[in-house]
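1. What shape does this take:
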Amino acid sequence: MKPLAHEELARRLQARGLKCTPQRLAIYAALTASDAHPSAEELYRGVKARYPMLSRNTVYQSLEALTTAGLAQAIRTGRSHARYDGNSEAHHHMVCLSCDRVEDFHDASLGRLAPPARLRRRYRVVHHRVEFYGYCRSCSDRNRRRARTQP
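-> Residues are numbered from 1 along each chain as shown. Below is the predicted model of the structure:
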């Protein structure tokens, strides 16, 4: 996914009444440059080198603004924090409950899912995403090795 140009990013934020600050631009750039679905803390550490006065609060507020503007999405993991995805194209996620790894995937059949008729009568669905939760191969192998070595 190609990140939005500065002007388009500014337009989308301003359309929602949000400011387009240099720090917000840097956070968006760091988020869209990563396919690792970074946490707010990882983004903070990465962007702080360029903006030494950056606060964690600014990172959290920027991520909320980007999410509100539809430019990022929060992915809940098995832990207390979220990971963030700067890919705004329709796709789904696989989340490891042990190491928090998040992997994007596309599946046309999941894109065609529709809610039950009773919900469609009460809601106007604008989008959906599917998240699978489980254990990646590395974590599964590590757990099997641990189980074999325990008495």
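
2. Worst mean pLDDT across the helices and strands of the protein, which element?
-> Least confident helix or strand of the chain, by mean pLDDT, DSSP states H and E, is helix 137-149 with a mean of 84.

3. what distance separates it from the centre of its chain?
-> Relative to the chain's own centre, helix 137-149 is displaced by 28 Å; criterion: C-alpha atoms, centre = their mean, to the nearest Å.

4. what comes up buried for that helix?
-> For helix 137-149, the neighbour count (16 or more other C-beta atoms under 10 Å) marks C139 as buried. Every C-beta, even on glycine, is put in place using the N, C-alpha and C of the backbone.

5. ok, and what's touching the helix or strand that contains Y133?
-> When secondary structure is defined by DSSP states H and E, Y133 falls within strand 131-134. With C-beta atoms under 8 Å, 6 or more residues apart in numbering as the test, strand 131-134 has contacts from I75, R76, G78, H92, H93, M94, V95, C96, L97.

6. go on, stretch 70-86?
-> 1, 3-4, 9, 12-13, 28, 31-32, 34, 37-41, 43, 63, 66-67, 88, 93, 95-98, 100, 102, 104, 129, 131, 133.

7. Looking at those, which are in helices?
-> Secondary structure assignment by DSSP state H places L9, R12, L13, Y28, L31, T32, A40, E41, L43, L63, L66, T67 of the contacts of stretch 70-86 in helices.

8. Show me which of those residues are buried.
-> Neighbour-count burial (16+ other C-beta under 10 Å) applied to the ones in helices among the contacts of stretch 70-86 gives L9, R12, L13, Y28, L31, T32, A40, L43, L63, L66.

9. so what's the fifth one closest to, chain neighbours aside?
-> Counting by C-beta to C-beta, 6 or more residues apart in numbering, L31 lies nearest to G86, which is 3.7 Å off, once chain neighbours are set aside.

10. Starting from A36, give me the distance back to the one you found.
-> With distances taken as C-beta to C-beta, to the nearest Å, G86 is found 11 Å from A36.
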